[in-house]
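Asker: Based on what follows, work out the 3D shape:
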Amino acid sequence: MRLRRFGENTTLENRREANETVNREKRYAQIKEVLKDKKLTFREIAKDMYERGYTISPETTYSQPRVTELVQKGEIEPIGKVKSEITGKFVTVFQLRNN
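Answerer: Residues are numbered from 1 along each chain as shown. Here you go, the predicted model:
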């Protein structure tokens, strides 16, 4: 284990290093494939990606940042919200944008 030096922000460093290893274009294509003809939440997208073998776990950390980027690029759009069965809170539903 390498110990943190004074003033060093290992959290940001780890996040940056992990972010650099992601193949964004591949992940974008996987997310768009999952959303083809479907309307899903972040959690449902993550679960579907896991079931297809695209990710190693059904956690949203593998897909949520890329979904957000696709929304910003205009390729995916939020279309509404539903109440999460897990949290009881309202969550966003996404679909592919019809271009």
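Asker: Just the mean pLDDT for the helix or strand containing residue 11, thanks.
Answerer: In this assignment (DSSP states H and E), residue 11 forms part of helix 10-20. The average pLDDT for helix 10-20 rounds to 76.
Asker: Centre of the chain to the helix or strand following that helix, how far?
Answerer: Next along the chain after helix 10-20, taking DSSP H and E as the criterion, comes helix 24-35. Put simply, helix 24-35 sits 10 Å off its chain's centre (Cα atoms, centre = their mean, to the nearest Å).
Asker: Alpha carbons of helix 24-35, in PDB - could you do that?
Answerer: Extracted C-alpha coordinates of helix 24-35, given in PDB (Å, rounded to 0.1, in the frame of the first residue of the first chain):
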ATOM      1  CA  ARG A  24     -16.200   5.600 -23.900                       C
ATOM      2  CA  GLU A  25     -17.200   4.800 -27.500                       C
ATOM      3  CA  LYS A  26     -17.700   1.100 -26.600                       C
ATOM      4  CA  ARG A  27     -19.700   2.000 -23.500                       C
ATOM      5  CA  TYR A  28     -21.800   4.500 -25.500                       C
ATOM      6  CA  ALA A  29     -22.600   1.800 -28.100                       C
ATOM      7  CA  GLN A  30     -23.600  -0.700 -25.300                       C
ATOM      8  CA  ILE A  31     -25.900   1.800 -23.600                       C
ATOM      9  CA  LYS A  32     -27.600   2.600 -26.900                       C
ATOM     10  CA  GLU A  33     -28.000  -1.100 -27.600                       C
ATOM     11  CA  VAL A  34     -29.700  -1.600 -24.200                       C
ATOM     12  CA  LEU A  35     -32.000   1.400 -24.800                       C
END
